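J.: Predicted model, plus sequence, below.
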Amino acid sequence: MSEELDMFNEEYNHSYSEEKDYVAPTDTLVKEKLEWFQDQKLGFMMHWGPYSEWGFIESWALPDEDTSWVKFDYSPFASREEFKQAYIDLNKTFNPVWFDAEKWAKVAEDNCFKYLLFTTKHHDGFCMWDTQYSDYKITAPDCPYHKNRNADICKHLFEAFRNHGMGIAAYFSKADWHSPYYWAPGMEHSAWTSRNPTYDTEKYPWLWEQFVQFTKNQILEIMTKYGKIDSLWLDAGQVCANNPRCKQDLRLSEIVAEARKYQPGLLVADRTVGGENENYVTPEQTVPARPLSVPWESCVTLGGSFSFNYDDQYKSPRTLVRLLCDIVAKGGNLALNIAPRPDGRLPTRGVEALYGFGKWLKKNGDAIFNTRVCVPYRTGKYAYTQNLKTNTYYAIYLPDENDKPTEFEIPFNKRVANITFNGANVEFTHSDNLIKLKVPEGYPEEEAYVFTMKGE
C-alpha cells in the first residue's frame, strides 16, 4: 500500500463489524440485491441539515458525554444548555433556497456515481422529509424553507437521482435526541445526556415501546411514500438489544420484515451491530488492511468532515482515484461524502475535485464497476480487479509523484491472451508469475494507469 493510503488508514480508526458476526441473507431477492450493490462500487453520500449553518459537526456536540472529542468552540454561549437550545433552534433559520436536486444528481451522474446515500435524519432528530410523526422537520411551519416548492427534500432528491439512473440508500439514525421517547424530559437521568436514552428502558418499558413504535412508523413512512429504496442504512449502533449500558431493542427484524413487504429485496445496514440485519458492513473513514470476505462499503469524506465546514480542504482527484482503487481491489464500495452548503449549493472546490475524479472514471470505469476481487488484490503499486462475466482482469498501477515508467513488471499468476494499455495492444512476456511489458513513451499522464488483460 502506498505511503499516502497508509497515512489515511492510520489517521482514522473507526470500528466496524467483524466478519465472524456476519449472517448471510437467505432471502433470494436480498441476495440478488447484494450482487447489484457489489457491482455499483461508488455511492454519493451526503450529510446535510440545519447544523450546516454553523459549519460544524452534525449532532455530536449535543450529548454531554461526547463533548471531550467534539472540536467546537462553546465560548459564545453562556452555558451548555444555552448552546443546546441554540443548536435545536437552527431549524428556525435553515432556508436552503438554492437547493436544486436536479443539479446535484447531474453532478453525481457526470462523475460516474451509481447510488445516493442521503441523511434522512441524523441523531439530532431533524427530519429532511415530510414526516407525519415529528414536528422537527424541514416542512414544519417554524422552518422558513417549508414554503418552498422543494421543501420535501427527500422526495425531490430521491426522484432526481432515480431519474438519472442511480439507486437510493436512505440513511436513518436509530437514535433520536429530539424525541421525548428517547431523551425524555423529567426523567431521573436526564440532567446529563449520553448518546443513549435518558432513562432505564427496563424500568420504563412503556416509554421505550413508544419510541419503538415511533421509529417503526418513520421507517415505514420512508419505505411506503418515497418510491423505490434500495438500502436502509441505519446509524447509531448503540441502539441495539445487547447494549450493556441501556437495553435498546427496537425489534428491528420485525421492522425490516415489514419494510420488505413494500421494498422487496431491500438491503439493510444495521451498522456495527452484526447479525441478520447488517447485510453489508460499513467501515467509517478507514479502509480495511486486507480484503473482507463479506460485502462492505467504506464511508469516507471528500473533505475533512461529514458535514459542511467553511474551511474544509478537499481531497485531490489523485487521492480519490487511489482510494477507490484500494477499496475496490479489496472487494468494497466507496460511499464518498460531499456536504452541501447551508444555502443548498454544493461547495465549488469539492465539485472541482469530483470532476477530476470523474474524468479518470469515465476512461477507466471498466476496471472498477461490475468487478470482483482478484488475487493478489493489492501488492506494491498495483491494485487488481476482474470482471467474471467477460473473463477480463485489470491491473491498476498507482504511481508515485513524477512516476511514469515505460517498463512494467506486474505480479500475476493467471494466464492471459492479450493486454491493452491506453487503448492499444502491448507485447508482453509471462513467466514465474510475473508479466513484463513495455509501453511507448509519451502516454497521457493520469492518476492511475490501467492494464486490461483478457483471460485465455
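T.: Happy to help now that I have it.

J.: which other residues reach the longest helix along the chain?
T.: In the chain, assigned by DSSP state H, the helix with the most residues is helix 205-225. The contact list for helix 205-225, computed with Cβ atoms under 8 Å, 6 or more residues apart in numbering, reads 120-121, 127, 129, 131-134, 154, 170, 172, 174, 176, 179, 181-182, 184, 197, 199, 201, 229, 232, 248-251, 254-255, 258-259, 262-263, 266. In short, each C-beta sits where N, CA and C put it, glycine included.

J.: what sits up against the next helix or strand after it?
T.: Next along the chain after helix 205-225, taking DSSP states H and E as the criterion, comes strand 231-235. Strand 231-235 has contacts (Cβ under 8 Å, 6+ apart) with 37, 115, 117, 122-123, 167-175, 219, 222-223, 252, 256, 259, 266-271, 277, 282.

J.: of the residues you listed, buried ones?
T.: Buried subset of the contacts of strand 231-235 (neighbour count, 16 or more other Cβ atoms under 10 Å): 37, 115, 117, 122-123, 167-175, 219, 222-223, 252, 256, 259, 266-271, 277, 282.

J.: Filter those down to just the ones in strands.
T.: Mapping the buried ones among the contacts of strand 231-235 onto strands (DSSP state E) picks out 115, 117, 167-173, 267-270.

J.: Roughly how far does Gly356 sit from Asn111?
T.: For Gly356, the distance to Asn111 (Cβ to Cβ, to the nearest Å) stands at 9 Å.

J.: More neighbours: these two, which one.
T.: Neighbours per residue, other Cβ atoms under 10 Å: of Gly356 and Asn111, the larger number sits with Asn111, 22 against 16.

J.: Give me the phi and psi for the closest residue to that one other than its chain neighbours.
T.: Nearest residue to Asn111, sequence neighbours excluded (Cβ to Cβ, 6 or more residues apart in numbering): Gly358, at 2.9 Å. Phi and psi for Gly358, reported as degrees, to the nearest 10, are phi -60, psi -30.

J.: Surely Gly358 touches Cys112?
T.: Yes. With contact defined as Cβ atoms under 8 Å, Gly358 counts as touching Cys112 (5.5 Å).

J.: What is the neighbour count of Lys203?
T.: Neighbours of Lys203 using other Cβ under 10 Å come to 10.

J.: now do the one 10 residues further on
T.: Residues lying near Gln213 (other Cβ under 10 Å) number 13.

J.: now the protein, which segments are flagged as low pLDDT?
T.: Scanning the chain for pLDDT under 70 picks out 1-14, 188-190.

J.: Break it down into its domains, please.
T.: Annotated domains of the chain cover 3-367, 372-455 [automatic domain parsing].

J.: how far is the first one from where the chain is centred?
T.: When you say that, I think you mean domain 3-367. From the chain centre to the centre of domain 3-367 is a distance of 7 Å (Cα atoms, centre = their mean, to the nearest Å).

J.: Nearest spatial neighbour of Asn433, chain-adjacent residues omitted?
T.: Leaving aside its sequence neighbours, Asn433 sits nearest to Asn413 (Cβ to Cβ, 6+ apart; 4.2 Å).

J.: make that Ile396, sorry
T.: Take Ile396 and drop its neighbours on the chain: the residue closest to it by Cβ to Cβ, 6+ apart is Ala383, 4.4 Å away.

J.: Hmm, Lys167 is touching Phe113, no?
T.: Slight slip there: residue 167 is Gly, not Lys. No. Contact between Gly167 and Phe113 fails when scored by Cβ under 8 Å: they sit 9.8 Å apart.

J.: so where do the helices sit in the stretch 51-200 of the chain?
T.: Assigned by DSSP state H, counting those that start in this stretch, the helices in the stretch 51-200 of the chain fall at 80-88, 101-110, 153-163.

J.: would TSV of those with mean neighbour count and distance to Tyr443 be doable?
T.: As requested, these are exported to TSV (neighbours: other Cβ atoms under 10 Å; distance: least, Cβ to Cβ, whole Å):
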stretch	mean neighbour count	distance to Tyr443
helix 80-88	15	53
helix 101-110	19	25
helix 153-163	21	35
